[in-house]
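With the sequence up front, the predicted model follows.
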Amino acid sequence: MSLLYFCLTLTSLVAAEHIFHDARGGRQGTKGTKGTKGSQCICVIEFSEDSFPIDQIAILQQRHKEITIFIEKEMIEILKFEADVKQIQTDLLYVTETIRNMEINGIKDTTDFTKIKNFISKLLQVIKVISDKMKKTDTRIETLLTQVNNISSIVWQLEMYDTNQILAIIRENAILQKQLHDCEEAAVNSSFGVAPGGLEAPEYGKCNNKVLLSITKPFVVKNNWRGFDFKYGAWGKDFAVNNKNPDMYWVAPLNTDERLMENFRTYRNYSNLGLFKHEKHKSLSKNIALTWNYVDSGQGSGVIMYNGSLYYNCYNSRNLCKLDMATDTIKRKELDGAAYNNWYSYAGVNWQDFDFAGDEKGLWIVYATENRGGKITVGKVNPQSLKIEKSWETSLYKPNITNTFMICGVLYALRRVDAQNEQLFYSFNTNDGKEFPLDIKMEKIKETIQSMSYNPNDHKLYVYADGYLVTHDVVFKRFPTRGRRSVAYEAGQNAIIPFNGRRQQLTVIA
């Protein structure tokens, strides 16, 4: 157990490449480890080739301390200046009033004139002293700016040494510790990793009679790349099954008008997303003859990435837009009869007349028509032609619900319970055309959910909530298992969570 604690402590400081449990018993055939009997937790740790400049951290801390003390002193001086200026204002009012009386009534006594003259002289001296102090303060502020620039330079140098992606590791640390805890339990519990009754979760990307049971608590990834003011938008991965870029992420914040989508970014993997680096930026608006043109831009938060293309509502129209990321070409097609321009959006969310979705059965769009007075229509979209291959009409009034998502051809709808909870209350099955009531609670981090999409490749909901990028796991009914899964991953025994780089392996005997 002491070795296991050491492993846990060490992995909280450096990047663990993977943790898995060897349940075979007998000998552990790992290079550099003698064969031992019983179960083992394997903790593989990745170390940087370069040593981290810890001395720079010490310098950074000292500079921070010095600047903090300096700012505290300057704040005291500012408070003194404020008091002095208020006194000067009072004195000036007195002088002004006295001189005005002299102009009206005349100077009756030279003593009064001499008194006010001396008062003005002293006031000028006080003003000169304060002016000199302020000039010295300007010099000290310039020095402060120089120190801040020096600190910025040190921080930049430290970022250059961040080969272990320390920030990303901190974000993953909670997951890592959970895996190690599971590993410890698996070493002493022969039934660990097998659900009660010998059941396992459905496969990714396949339906197999998937039955939604619950939705886990929200996991906050981070804020969007444009900042806290950009509360509307969408994000996620590629929602097509067996797509070519399963690790890629995209983030598309709308402008602060809550309507226009003119920029989005893609990230090759989770680490790049976490650190906001190595992004690919795409602008959909164009500046033509000194005028911005938004014909290729998007509208609303119902955006999705599907099989390498971004699908969205074309700006100020009832057209569907498809941006092919490989060829940088845009295809558009009108959605006949669809209400648009914020006519029938979700409750509490503006401009989301069209809501794209991708699940195990393909590409979908959720919208309302003018003829049916805002009731939801579900359309199966041809990804190439944007043609609606088939549509289903529901009895659900779109402005009464907060958002929807699709799983295996089944539409799920949510409504607000309170500021912390949503209720999954309705489903419509396009496979048989039947509606069904539900009562599943879902916690949320913000009162408003701007977009929500289910990904069939990882069984997660990708939620954009007031600018935050959030995920939930979807929990399905389990089925008879075919074999015992690994602790770290469901792909098989001794499955690993891979990272790149040089590895060192520690074996912990539980």
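Yes, it's here. Just so we're clear, the structure is a prediction, and the values are computed from it rather than from any experiment.

From Ile215, how far off is Trp225?
As defined by CB to CB, to the nearest Å, Trp225 lies at a distance of 26 Å from Ile215. C-beta here means a position set from N, CA and C on the backbone, and glycine is covered the same way.

and what of Thr143?
On the measure of CB to CB, Thr143 and Ile215 end up 54 Å apart.

the helices in the stretch 301-450 of the chain, which residues?
Read by DSSP state H, counting those that start in this stretch, the stretch 301-450 of the chain holds no helices at all.

Strands of that one, start to end?
Here the stretch 301-450 of the chain has its strands, by DSSP state E, counting those that start in this stretch, at 304-306, 309-313, 319-324, 329-334, 355-359, 362-368, 375-381, 388-397, 403-407, 410-418, 421-429, 434-443.

Pairing partners for the fifth one, with directions?
Pointing back at strand 355-359 there. strand 362-368 (antiparallel) (DSSP bridges).

Could I get the strands of the stretch 301-450 of the chain in TSV, plus columns for mean neighbour count, distance to Leu273 and mean pLDDT?
Below are the strands of the stretch 301-450 of the chain laid out as TSV (neighbours: other CB atoms under 10 Å; distance: least, CB to CB, whole Å; pLDDT from 0 to 100):
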stretch	mean neighbour count	distance to Leu273	mean pLDDT
strand 304-306	26	13	98
strand 309-313	26	16	98
strand 319-324	21	20	97
strand 329-334	14	25	97
strand 355-359	27	19	98
strand 362-368	24	23	98
strand 375-381	21	27	97
strand 388-397	15	33	97
strand 403-407	25	21	98
strand 410-418	19	25	96
strand 421-429	18	25	97
strand 434-443	12	23	95
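
Compare those and give me the one nearest Tyr454.
Proximity to Tyr454 (CB to CB) singles out strand 403-407 among the strands of the stretch 301-450 of the chain, at 4.3 Å.

So which elements touch that closest one?
strand 355-359, strand 362-368, strand 410-418, strand 451-455 (3 or more CB pairs under 8 Å, 6 or more residues apart in numbering; DSSP states H and E).

Output the contacting helices and strands for the longest one.
Right, strand 410-418. strand 375-381, strand 403-407, strand 421-429, strand 434-443.

ok so, going back, which one of the helices and strands packed on strand 403-407 lies closest to His64?
Of all the helices and strands packed on strand 403-407, strand 451-455 comes closest under CB to CB, at 39.1 Å.

Could you tell me the angle between the closest one and strand 434-443?
Strand 451-455 runs at 110 degrees relative to strand 434-443, counting by axes from the mean of the first three to the mean of the last three CA atoms, to 10 degrees.

C-alpha coordinates for strand 451-455, CSV please?
What follows is strand 451-455, C-alpha atoms only, in CSV (Å, rounded to 0.1, in the frame of the first residue of the first chain):
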residue,chain,number,x,y,z
SER,A,451,-26.6,24.2,-27.1
MET,A,452,-26.5,20.4,-26.4
SER,A,453,-25.4,17.5,-28.7
TYR,A,454,-24.9,13.8,-28.1
ASN,A,455,-21.8,12.1,-29.5
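
in its sheet, what does it sit against?
Applying DSSP bridges, one finds strand 451-455 paired with strand 460-465 (antiparallel).

average model confidence for the helix or strand immediately after the strand it pairs with in the chain?
Next along the chain after strand 460-465, taking DSSP states H and E as the criterion, comes strand 468-476. For strand 468-476, mean pLDDT is 94.

likewise stretch 114-128?
81.

List the contacts of that stretch.
84, 88, 91-92, 94-95, 98-99, 102 (CB atoms under 8 Å, 6 or more residues apart in numbering).

Could you give the separation of it from the chain centroid?
Its chain's C-alpha centre and that of stretch 114-128 lie 61 Å apart, by CA atoms, centre = their mean, to the nearest Å.

Pull out the buried residues from that stretch.
116, 123 (16 or more other CB atoms under 10 Å).

Would you mind writing the CA trace of that stretch as CSV?
This file holds the C-alpha atoms of stretch 114-128, laid out as CSV (Å, rounded to 0.1, in the frame of the first residue of the first chain):
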residue,chain,number,x,y,z
THR,A,114,-3.6,90.0,3.7
LYS,A,115,-5.2,86.9,5.3
ILE,A,116,-6.7,85.6,2.0
LYS,A,117,-3.4,86.4,0.2
ASN,A,118,-1.4,84.4,2.6
PHE,A,119,-4.0,81.6,2.4
ILE,A,120,-3.6,81.4,-1.4
SER,A,121,0.2,81.3,-1.1
LYS,A,122,0.1,78.4,1.3
LEU,A,123,-2.5,76.6,-1.0
LEU,A,124,-0.1,77.0,-3.9
GLN,A,125,2.7,75.5,-1.9
VAL,A,126,0.5,72.5,-1.0
ILE,A,127,-0.4,72.0,-4.7
LYS,A,128,3.3,72.1,-5.7
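
Could you report the neighbour count for Gly302?
30 (other CB atoms under 10 Å).

check contacts around it.
234, 312-313, 352-356, 365-366, 451.

Distance to Pro202 added to these, as TSV?
Below are the contacts of Gly302 laid out as TSV (distance: CB to CB, whole Å):
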residue	distance to Pro202
Ala234	26
Tyr312	30
Asn313	32
Gln352	29
Asp353	32
Phe354	29
Asp355	24
Phe356	23
Ile365	25
Val366	23
Ser451	25
